[in-house]
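Trainee: task: produce atomic coordinates for the following.
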Amino acid sequence: MTIYSINLKVVATAYVRADSQAEAIQAIKDEIGFNGCDYADIEISGVALDSPELPDISLSPAMTIWGPWGSWSEMEEV
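Mentor: Here you go, the predicted structure:
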């Protein structure tokens, strides 16, 4: 059996710990930039939102996949 991979469009919720909405907006903009980022750079956390262990910026573990980033035919053998 062969393993295949494909890039997917993923929609996620980010949680940002900040003193104001403006500070939160700036923090997430700084983190993802204008062209997005590698998800490996942002921790996926299932920690409760009121926990002191919640990272300053994190992604919810619940995400939505919108489909391939490009075409299904771009799936390639690993």
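Trainee: can you point out the buried residues in the longest strand along the chain?
Mentor: Determined from DSSP state E, the single longest strand within the chain is strand 57-68. By neighbour count on 16 or more other C-beta atoms under 10 Å, the buried set for strand 57-68 is Ile57, Ser58, Leu59. In this view, the C-beta of every residue, glycine as well, is placed from N, C-alpha and C.
Trainee: ok, stretch 14-34 next?
Mentor: By 16+ other C-beta under 10 Å, the buried positions in stretch 14-34 come out as Tyr15, Val16, Ala24, Ala27, Ile32.
Trainee: so which one of these is the model least confident about?
Mentor: In terms of pLDDT, Ile32 ranks lowest among these, with 82.
Trainee: show me where this protein has its strands.
Mentor: Counting by DSSP E, the chain has strands at residues 4-5, 8-16, 43-44, 57-68, 76-77.
Trainee: now render those strands as a markdown table, adding distance to Asp50.
Mentor: As requested, the strands of the chain are exported to a markdown table (distance: least, C-beta to C-beta, whole Å):
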| stretch | distance to Asp50 |
| --- | --- |
| strand 4-5 | 37 |
| strand 8-16 | 11 |
| strand 43-44 | 17 |
| strand 57-68 | 13 |
| strand 76-77 | 43 |
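Trainee: what packs against the longest strand of the chain?
Mentor: strand 8-16, helix 21-32, strand 43-44 (3 or more C-beta pairs under 8 Å, 6 or more residues apart in numbering; DSSP states H and E).
Trainee: distance from the chain centre to the first one, please.
Mentor: Between the centre of strand 8-16 and the centre of its host chain there is 4 Å, according to C-alpha atoms, centre = their mean, to the nearest Å.
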